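Q: pasting the sequence and the predicted coordinates here, then a few questions.
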Amino acid sequence: MSENNQLQDVFDAIADPTRRRLIRLLSEAEEKPLHELTAQFQMGRTAVSKHLTILKEAGLVLDRKVGRETRFRLNASPLREIQDWLAFYSKFWSTNMLRLNQLLEEEEE
């Protein structure tokens, strides 16, 4: 998968509120089994599994089998790409707001 496709996958993955909530839940523990995650939602196990699959494909979630149970844990490193993307726009807006402020000050003079 190319870097751009992976970025898109991460952005797609976090676009859904259910997946953002799953990320938050997984960030609160080292790992959680599927049944514990499913208990946090008003949807079935299959629906939660589908959301976890999308997160897994984006590299945000890792899983492992323990007997018949699947346990999930957060892999937050792909979120750095989003942080870097947001940092660029944060700088962009700060620079533009500074320019706007300078223009307004020049008009006042």
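A: That came through fine.
Q: packing partners of the biggest helix by length in the chain?
A: When the chain is parsed with DSSP state H, its longest helix is helix 79-108. When contacts are defined as 3 or more C-beta pairs under 8 Å, 6 or more residues apart in numbering; DSSP states H and E, helix 79-108 packs onto helix 3-14. Just so you know, the C-beta spots here come from the backbone N, C-alpha and C atoms, and that holds for glycine as well.
Q: just the buried residues of the longest helix of the chain, please?
A: L79 (16 or more other C-beta atoms under 10 Å).
Q: cool, and stretch 48-67?
A: Applying a neighbour-count criterion of 16+ other C-beta under 10 Å, one finds V48, H51, L52, I54, L55, K56, A58, G59, L60, V61 buried in stretch 48-67.
Q: surely the last one is in contact with L55?
A: Yes: under the contact definition of C-beta atoms under 8 Å, V61 touches L55, with a separation of 4.1 Å.
Q: show me what counts as buried in the helix or strand encompassing R71.
A: Element membership of R71, judged by DSSP states H and E, is strand 69-74. By neighbour count with 16+ other C-beta under 10 Å, strand 69-74 contains the buried residues R71, F72, L74.
Q: how far off centre is that strand?
A: Its chain's C-alpha centre and that of strand 69-74 lie 17 Å apart, by C-alpha atoms, centre = their mean, to the nearest Å.
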